[in-house]
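# Sequence and predicted structure are below.
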Amino acid sequence: MYNGFFDDATQNGKLFSATCEDYWYQPDTNYREVYLLNTDIHYYEYMRRRVNYYGDDPFSEPFPQYSNVQNGLGVFCSFRKTKRSLAIVN
């Protein structure tokens, strides 16, 4: 199942490719904007768990959110975002 997260831990020094589905359909445009985030492990773990959090669903199992702050809750992390526009070729 696609959840938007890819890990390249086993791909060091190798070509890494992935596919995903378009979630924002714009029939009037010939391009899509693609974002690539290079993150540290702390940002990756925090966001991966936030995506799996179901909020107020009474039937979901509770699980602890990721935190790397000693004696508190929160995440200290870093990321770098790159944006590209890709042309759609039919």
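Perfect, I can see it now.

# Where does pLDDT dip in the chain?
Scanning the chain for pLDDT under 70 picks out the ranges 1-4, 18-28, 54-55, 90.

# ranges for the helices of it?
41-51 (DSSP state H).

# For it, which segments count as strands?
31-39, 79-87 (DSSP state E).

# Out of the ones you listed, which is closest to Phe59?
strand 31-39 (30.8 Å; C-beta to C-beta). (Each C-beta comes from the backbone N, C-alpha and C, glycine too.)

# which parts of the closest one are buried?
Thr39 (16 or more other C-beta atoms under 10 Å).

# Would you list the strands that it pairs with, along with their directions?
strand 79-87 (antiparallel) (DSSP bridges).

# quick one: the partner strand to helix 41-51, angle?
Using axes from the mean of the first three to the mean of the last three C-alpha atoms, to 10 degrees, one finds that strand 79-87 and helix 41-51 are set 70 degrees apart in direction.

# a markdown table for the strands of the chain, including distance to Gln11?
Below are those laid out as a markdown table (distance: least, C-beta to C-beta, whole Å):
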| stretch | distance to Gln11 |
| --- | --- |
| strand 31-39 | 14 |
| strand 79-87 | 18 |
